[in-house]
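>>> Okay, here's the prediction I keep looking at, along with the sequence it came from:
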Amino acid sequence: MFYHTDAIIEHLSIHRVGNKLQDEFYVLSDHRVDLQDELLAQLLMQYFLNPFAKVAEVYRFFHPNGTLALNELHHFSKEFFQGQLGFHELSQQICKHLFESSNHPKIKGGELYVVHLQGVQLEGEVHEAIGIFKSENKETYLKVYPTEGAFNMDYEQEAININKLDKGCLIVNTESEEGYKVLVVDQTNRQQEAAYWKDDFLKLRVRNDAFHQTGNFLKVYKNFVSEGLDETFEMGRTDKIDLLNRSMDYFKEKETFKQEEFEEEILGNPQAINLFNDYRQQFEKEYDMPIDSNFGISDQAVKKAQSTYKSVLKLDKNFHIYVHGKREYIEKGYDDEKGLNYYKVYFKEEH
């Protein structure tokens with residue numbers, strides 16, 4: 001999860017990049033932006049960083065031939081983070097590289113913002129980061145203001161909507177030898193020309209570590225139990241909680257996830273196993289998040305996912321029953337006289 005509540009902008013540089021296939025060029029500014037206005041800084045933080053709050057996927061830089069050092073953005077970022085490259089020079093190199101990567105005639109020109117950030121939080125750790133943002137689409141805004149005894153109107157063309165960031169990425173200064181942790185936003189379109197941002201300019205691939213694999217699997221399994229079983233099996237809330245609790249116990253007790261072992265110990269039913277595999281494959285395809293059949297289990301990811309695994313039976317507004325295990329110790333029934341459902345709970349001791 002990404003948070004930026006306590007983040008601040010250290011430096012900001014703005015350039016303009018065009019499409020070289022349309023005989024457009026790039027324009028480099030001579031110096032950084034002197035950002036003194038606190039309100040402007042807050043608006044920029046909203047514009048740049050709010051879209052990343054819902055980004056779940058973490059990427060890494062790579063290069064097609066396997067040599068990470070040949071990835072331009074990784075190279076520039078590493079030099080900056082190590083103090084070998086000044087910030088404004090970094091922003092100019094990024095602008096030039098983006099220009100060279102704009103190899104589709106439909107790619108729009110626009111302003112490029114490069115930001116040095118302090119205090120961003122990703123996956124529970126605080127880091128510095130480089131932000132790269134591009135605005136391609138402009139809008140017209142009306143302004144209404146009071147005059148003597150009345151109101152007047154004006155407008156501003158080619159303005160930027162701070163609630164609609166077109167493209168952005170955050171390069172978080174951690175795990176540089178693995179390709180850093182990188183977050184990406186591309187909200188303009190999903191056509192061929194849009195692929196240049198992630199594939200040609202940044203050269204990214206999905207992070208495939210234990211944290212990523214563990215978190216994604218637990219998310220898929222939770223959704224499957226909550227929603228995917230209903231079309232085939234008639235299951236009460238208690239049975240679903242039991243399936244979730246058993247899966248969480250598996251991930252807490254094991255060091256390595258093994259697909260066949262999990263399916264046999266937790267799901268058991270061949271029909272449920274087939275349904276789950278279909279559900280999982282659909283998730284992988286829709287979100288482009290492949291999950292391995294065997295992977296190391298991340299305790300941090302398990303702890304994070306546990307907070308979303310609800311094990312509470314909410315009965316009207318009168319009772320909450322917390323179910324932590326022993327499915328056979330709780331029974332559901334219906335009282336004809338009272339016309340109400342009931343749960344019968346067995347226990348040895350009262351604490």
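Done, it's in. Residues are numbered from 1 along each chain as shown.

>>> For Glu158, what is the enclosing helix or strand?
Element membership for Glu158, per DSSP states H and E: strand 150-159.

>>> Pull out the CA atoms of that strand and give them to me as PDB.
Extracted C-alpha coordinates of strand 150-159, given in PDB (Å, rounded to 0.1, in the frame of the first residue of the first chain):
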ATOM      1  CA  ALA A 150     -23.300  41.500  -9.800                       C
ATOM      2  CA  PHE A 151     -21.200  38.600 -11.000                       C
ATOM      3  CA  ASN A 152     -18.900  38.200 -14.000                       C
ATOM      4  CA  MET A 153     -17.500  35.300 -15.900                       C
ATOM      5  CA  ASP A 154     -14.200  34.400 -17.500                       C
ATOM      6  CA  TYR A 155     -12.600  31.300 -18.800                       C
ATOM      7  CA  GLU A 156      -9.200  29.600 -19.100                       C
ATOM      8  CA  GLN A 157      -8.300  27.400 -22.000                       C
ATOM      9  CA  GLU A 158      -5.600  24.700 -22.100                       C
ATOM     10  CA  ALA A 159      -5.800  24.300 -18.300                       C
END
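
>>> what packs against it?
The contact analysis (3 or more CB pairs under 8 Å, 6 or more residues apart in numbering; DSSP states H and E) places strand 150-159 against strand 139-147. C-beta coordinates here come from the backbone N, C-alpha and C atoms, glycine included.

>>> For the strand it packs on, list every residue counted as buried.
Residues of strand 139-147 classed as buried by neighbour count (16 or more other CB atoms under 10 Å): none.

>>> same question, stretch 248-267
Met248, Tyr250, Phe251, Phe257, Gln259, Phe262, Glu263, Ile266, Leu267.

>>> So which of the residues you listed is the closest to Val206?
Phe257 (17.6 Å; CB to CB).

>>> follow-up on the earlier one: give the rounded mean pLDDT of the strand holding Glu158.
With pLDDT averaged residue by residue, strand 150-159 scores 91.

>>> Next: stretch 255-274.
Stretch 255-274 comes out at a mean pLDDT of 91.

>>> Next, the distance between the ends of it.
25 Å (CA to CA, to the nearest Å).

>>> Output the below-cut-off pLDDT ranges for the protein.
For the chain, the stretches with pLDDT under 70 are 188-194, 231, 234-235, 288, 310-316, 318-332, 342-343, 346, 351.

>>> For the stretch 201-350 of the chain, which segments count as helices?
210-223, 237-253, 259-262, 270-287, 299-306 (DSSP state H, counting those that start in this stretch).

>>> Who are the packing partners of the longest one?
Translated: helix 270-287. Using 3+ CB pairs under 8 Å, 6+ apart: helix 270-287 touches helix 210-223.

>>> List the residues that contact Asp166.
Applying CB atoms under 8 Å, 6 or more residues apart in numbering to Asp166 gives the contacts Gly110, Lys134, Ser135, Glu136, Asn137, Asp186, Gln187, Thr188.
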